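Q: Using only what follows, build the 3D model:
(one chain, ligands or ions: 1)
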Amino acid sequence: MGSQIDKGKEVYPTSFEVLDDPRPDDISLPAFMVSTTRGFLPRMDPIVSLPREFAFLEYVLQEMPVKKANGEPGLLARGELGEFILRDLPDLTEHIDTYKDNLPLMNALYRDYSFLASAYLLEPCHHNFIKGEPYGLGRPVLPSVIARPIARCAELCDFKPFMEYAGSYALFNYKLLDPKGELEYSNLGLIRAFEHGLHAGSSEAGFVLVHVDMVKNSGPLVKGTVGTLDACTTEAPRADLNIHLSIILSSLVQINGSMEKMWGRSKPGEYTSFRTFIFGITSQSMFPNGVVYEGVGEDGKPKSFRGESGANDSMIPLMDNLLQIPMPDTPLTTILEDFRSYRPSNHRQFLAWVRGRSEQLGLKNWVLGLDADNEDDDEVLESRRLWLKILNQVRDFRWRHWCFAREYIIKKTSHPTATGGSPILTWLPNQLQAVLDEMARLYEDLCQRGGDLGEECRDIIDLVERQRETLRKEVAKFCEERGVAAAVAA
Ligand code: HEM
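A: Next up is the predicted model:
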């Protein structure tokens, strides 16, 4: 990564090395580095076995789930995890430094301690939930036997000392059932779970593994993005740019196709029960005063972190940055920006580089041919169609996502905040609305400039108009029912 461009408040790296070879055996590099082959997945499949010094940690994690791998009820089912940890878990922090040069292993330990931390903090809420009561309060203090080691691993891996989406719950938590087999859905299982996730076919496993299955397709998304940015700086014919845009488009079609399978792989009626364990501290009623990390830091002040959320996945933010999708200046967008810090640092830098580069090059105007009138008209028209179709995939993702939120969460619980701490009724619509607006605005502008964008783009824009109206009505209805101020403009 090169030096930084300071653009107002924002600082962007001026260069970034995307790996072609993810170097899976190199333990000196962080587990998460962006590549054109594995995209945003870790460079290697996640580490499953821990060194012998951590045998007790492994034992607790296997005893912990509501339903253990052998089908018997575990510590969380009996409400005994907290007591067990306080009584029996040794402080293993000193052993971490023995392995500190092995960064993928540090990532595995970070994952494992973050599972233990969330299970410990939220165990009381789980028991309130299964009695049909509100979540009540989580535990306000994380004991030093968890707080010290998670803080150390997180420091070494550059994560927050709390469960994250990529580094822990989702992207570093799958294993190949047949280690010699392929990375394909039928060959995937979870390494760690809270509820029934150690069982194939459970909704908890399906929820996590659909994310993995989608991100598996992100290599071409990365490759197409880099190719598009490069095409803007070379004398290559515009047809080359259109090839890179087509690669992005087909990758997104695959990603959305995989996402659609969520409905069957993780049942809407079963989501809220394992979800209890992935809530964060920030903006949650369960932790009104934050959480004290015993034995960490000098001041003993409570800490607060956002919870695990797909919002910290990097694929859609990559498109937001490349396509320069304008987000409204609202407190909801501030949350979107805050989510940026909950990603592997290499993902963060890549996204910042794409954002800076796209703006610096004036990519949107160039791809859409808005500044020049001496280019090959057919190829420019094709670039415009591809840009709209890529935006349409971002819309498709966010629309489906709104449907997930409606069916898996809003209709099942009145808890007002999502796991990442965003307001459940208004936050996803904030970004979906922004994409719909951008598409409608661009289409109108491009039509005024002349040239036929074709039947497919006309159909896309018809759908955009219908969804804008449906979204507005749905959000208004839910907000009225729950006494929340609607954020999606009429
Ligand atoms: C049953 C399925 C799902 C549910 C119920 C769900 C729920 C949510 C919720 C409530 C949020 C709001 C942020 C927060 O946590 O505070 C969110 C954000 C997000 N989730 Fe999911 N999610 C699901 C599946 C997925 C999948 C499979 C992905 C794939 C990577 C994903 C990626 C995202 C992204 C990118 C955002 C940010 C959206 C934006 O920028 O507009 N989610 N999710």
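
Q: got the residue ranges for the strands in the chain?
A: Taking DSSP state E as the test, the strands found in the chain are 4-7, 10-13, 141-142, 174-176, 188-190, 292-293.

Q: quick one: buried residues of the fourth one?
A: Translated: strand 174-176. 174, 176 (16 or more other CB atoms under 10 Å). The C-beta positions use only the backbone N, C-alpha and C, and glycine is treated the same way.

Q: Residues of the stretch 351-490 of the chain that sit close to the ligand?
A: By the rule CB under 6 Å from any ligand atom, the part of the stretch 351-490 of the chain lying against the ligand is 398, 401, 404-405, 408-409, 418-422, 424, 427-428, 431.

Q: TSV please, covering the strands of the chain and showing distance to the ligand and mean pLDDT.
A: As requested, those are arranged in TSV below (distance: least, CB to the nearest ligand atom, whole Å; pLDDT from 0 to 100):
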stretch	distance to the ligand	mean pLDDT
strand 4-7	22	50
strand 10-13	18	79
strand 141-142	21	98
strand 174-176	13	98
strand 188-190	14	98
strand 292-293	22	98
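
Q: quick one: which of the residues of the stretch 351-490 of the chain next to the ligand has the most company?
A: In terms of neighbour count, Ala418 stands highest of those at 26 neighbours, by other CB atoms under 10 Å.

Q: Now it. Nearest residue, chain neighbours left out?
A: Ile424 (5.0 Å; CB to CB, 6 or more residues apart in numbering).

Q: For the one you found, give me its contacts.
A: 405, 409-410, 415-418 (CB atoms under 8 Å, 6 or more residues apart in numbering).

Q: what's the neighbour count on the residue in the stretch 1-150 of the chain that the ligand sits nearest to?
A: The minimum distance from the stretch 1-150 of the chain to the ligand, using CB to the nearest ligand atom, falls at Phe40 (9.3 Å). When neighbours are defined as other CB under 10 Å, Phe40 has 27 of them.

Q: thinking again about what came up before, what's the closest of the contacts of Ile424 to Tyr443?
A: Ala405 (26.4 Å; CB to CB).

Q: Can you get me a residue count around Leu171?
A: Neighbour tally, Leu171, other CB under 10 Å: 27.

Q: and it, what pLDDT?
A: pLDDT recorded at Leu171 is 98.

Q: how much space between it and Ile191?
A: 11 Å (CB to CB, to the nearest Å).

Q: Contact residues of the stretch 101-250 of the chain facing the ligand?
A: Going by CB under 6 Å from any ligand atom, the residues of the stretch 101-250 of the chain near the ligand are 207, 210-211, 214.

Q: hmm, try it at 8 Å
A: 170, 207, 210-211, 214-215 (CB under 8 Å from any ligand atom).

Q: quick one: the helices in the stretch 151-300 of the chain?
A: With DSSP state H, counting those that start in this stretch, the ranges of helices along the stretch 151-300 of the chain come out as 203-215, 218-231, 238-260, 262-265, 271-275.

Q: Adding mean pLDDT, mean neighbour count and distance to Ser383, write these out as CSV.
A: CSV is the format used below for the helices of the stretch 151-300 of the chain (pLDDT from 0 to 100; neighbours: other CB atoms under 10 Å; distance: least, CB to CB, whole Å):
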stretch, mean pLDDT, mean neighbour count, distance to Ser383
helix 203-215, 98, 23, 26
helix 218-231, 97, 22, 10
helix 238-260, 97, 19, 6
helix 262-265, 98, 17, 32
helix 271-275, 96, 20, 40
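
Q: Specify the stretch among those that is closest to Arg385.
A: Nearest to Arg385, of these and by CB to CB, is helix 238-260 at 9.2 Å.

Q: circling back to that earlier point, out of the contacts of Ile424, the closest to Lys267 would be?
A: Out of the contacts of Ile424, the member with the shortest distance to Lys267 (by CB to CB) is Ile409, at 13.2 Å.

Q: Test my guess that the closest one contacts Ala418.
A: Yes: between Ile409 and Ala418 there is a contact at 7.1 Å, judged by CB atoms under 8 Å.

Q: for this structure, which spans come out with low pLDDT?
A: 1-10, 373-376, 487-490 (pLDDT under 70).

Q: One more pass at 80, please.
A: Within the chain, the set of residues satisfying pLDDT under 80 comprises 1-11, 372-376, 486-490.

Q: any idea how far the residue lying closest to Ile409 once chain neighbours are set aside is from Ser309?
A: Counting by CB to CB, 6+ apart, Ile424 is the residue found nearest to Ile409 once chain neighbours are left out, at 6.1 Å. Between Ile424 and Ser309 the computed distance is 12 Å (CB to CB).
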